[in-house]
Every structure is written in structure tokens, then in C-alpha cells.
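S.K.: need a 3D model of the following:
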Amino acid sequence: MRDTAGMGTAFTATFRFYEELNDFLARPLRRRAFSCPCAANSTAKHMIEALGVPHTEVELILVNGESVGFEHPLAEGDRVAVYPKFEALDIRPLLRVRANPLREMRFIADAHLGGLAQLLRLAGFDTLYDNHYADEAIEALAAAEHRVVLTRDRELLKRRTITHGCYVRALRPRAQLDELFERLDLAASARPFRLCLTCNAPLRRIPRAEVQTRVPAGVFERHSRFVTCDVCARVFWEGTHWRRMRALIDDVAGTALDQARRSVQDGNAAP
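M.R.: Residues are numbered from 1 along each chain as shown. Model prediction:
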């Protein structure tokens, strides 16, 4: 019988969270099964977030061994297992927590992640950022433009209409970029130097003759290829700064690919 919650009666269910989802739990609840009182009519999403875990961090929910969605109603005695993203195992046939994946990886970053936003643009990922965005604006833009919300505020990720988001654990921009490349498998999708770091607008090739009065004379003499942003009108070329940025992206992408290969090898080696 599964009508206990529907009758409006409080009940108790058992929960177990796996891997990095434990970071969001109170210490006594981490890495173990625990019983928890549930309010009448509680859904899986309601209880997961009541325990501190944003729904955007969850990839799979099993209730009594069956894959369910966020709105699944819980009942007395249910055993709920909650998993984050799986690194080396394809569980797409099991997933019921989201209706549709995002076809294109686009982001919106909150006010604390300006450095990360610039690095993502450097890697070629369309990333909205404004340190004056209110949570309501981030939520609305994410829904309207199908963007992944990036934040260190777990309460923002609990908003109902935010379907795709990442709680960023690292504190420094380079480490944050490494984290996202590994977690979201971004290396293969990176297209460096196609977006303006300031405007997030596409860069375009510009004839050399058109930049003679817009760049230093020495730069014009040494370089033949230039790009520009039509929003801020800045001109860019492949100088020393470009080479440093190229090396950074190559390093991040290479590290992420190496970690992905190790994950697959570990998975293949598992009994």
C-alpha cells in the first residue's frame, strides 16, 4: 500500500546519499543510511532539498530500487537512494529526474563567479554574467535560454524552475574551471577564442587593413591576423597574452581528458 502520504499522514522514510552529495548533509548523516520523518505528501525533491541537497546536483533517485522522478510521492517505509553524476557508467536508460538534456552547454554564473565566467568564455562557452543579477533574474534567464546555473549558493539551485545547475566547490577561478571541465566533460566541446571575454559576443575576423589605426604600430607590423568584437570594438591578435591563454586552455582540457580516461579504465577494471 502506498497511500499513507496521500491520506495526509506524516511518515518515516530511509535515505542514503552517495559520493559528493554527502558534502551538503549535516555531518551525522553523511555516508550512511538514516531514517527521517517526512511531512504528509512529501515528494522526493522536497525531502532531498529539505536535507540540504540542491536538486540540480542529483542525477538518479532510486526508491525501493526503482528509478523515479523528482515529483515521485514518498510513503511510509520507503528506502531512497540518491546519486550524483556517474563518471564511468552510462545510466541514461535509468534516468527519470529530467525530461530533456541540454543540446548546447550554455551557462549563467552568479555574482561570485566572475573570474570563472571569463575563463569559460575564453574556452568558447557562452556564459552570461553580471554581478548585479538578482536570483530571480538568474532563474528567469536560465529557464528562458536553457542555461546551466553556476553558483556557490545552494539555495539558488533549489528554485523549482532551475532544472540544470552546478554547485561550484572550488574557490579560485582556475580550479573552478578544472572542476567544471571534469564534471561536465567539457574538453571535447571547447572552442577557444571565439567569444569576447568582456561581452560574451562572438569574435569575427577583420581585414588587416582595417585595424592599422586601432592597434600599436609594432603589433600591426608583426601580425597579419586579427579579430574584433562588434559590441566593444576591441581588436585582438595572437600575441604573448594569447599564447598564455592558449596554454591554460590546453592544460585544462588535457587534464580533464586524462581524468576521464582514468575513470573509464577504472570502470572497465571493476569486477
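S.K.: hey, which strand is longest across this structure?
M.R.: strand 11-17 (DSSP state E).
S.K.: need the helices for the stretch 51-200 of the chain, in chain order.
M.R.: 114-122, 135-145, 154-157, 173-183 (DSSP state H, counting those that start in this stretch).
S.K.: winner for burial among these?
M.R.: Ranked by mean neighbour count under mean count of other C-beta atoms under 10 Å, the helices of the stretch 51-200 of the chain are led by helix 114-122, which reaches a mean of 21. Every C-beta, even on glycine, is put in place using the N, C-alpha and C of the backbone.
S.K.: tilt between that one and helix 173-183?
M.R.: In terms of direction (axes from the mean of the first three to the mean of the last three C-alpha atoms, to 10 degrees), helix 114-122 departs from helix 173-183 by 50 degrees.
S.K.: who touches helix 114-122?
M.R.: If you take C-beta atoms under 8 Å, 6 or more residues apart in numbering as the criterion, helix 114-122 is touched by 107, 109, 127-129, 131, 150, 168, 172-174, 176-177, 180, 192-193, 195-197, 200, 245, 248-249.
S.K.: go with 6 Å
M.R.: Identification of contacts with helix 114-122 by C-beta atoms under 6 Å, 6 or more residues apart in numbering yields 107, 109, 127, 129, 173, 176-177, 195, 197, 200, 245.
S.K.: those into JSON lines, with extra columns for pLDDT?
M.R.: Converted to JSON lines, these look like this (pLDDT from 0 to 100):
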{"residue": "F107", "pLDDT": "96"}
{"residue": "A109", "pLDDT": "97"}
{"residue": "T127", "pLDDT": "97"}
{"residue": "Y129", "pLDDT": "96"}
{"residue": "P173", "pLDDT": "95"}
{"residue": "Q176", "pLDDT": "96"}
{"residue": "L177", "pLDDT": "95"}
{"residue": "L195", "pLDDT": "95"}
{"residue": "L197", "pLDDT": "93"}
{"residue": "N200", "pLDDT": "96"}
{"residue": "M245", "pLDDT": "87"}
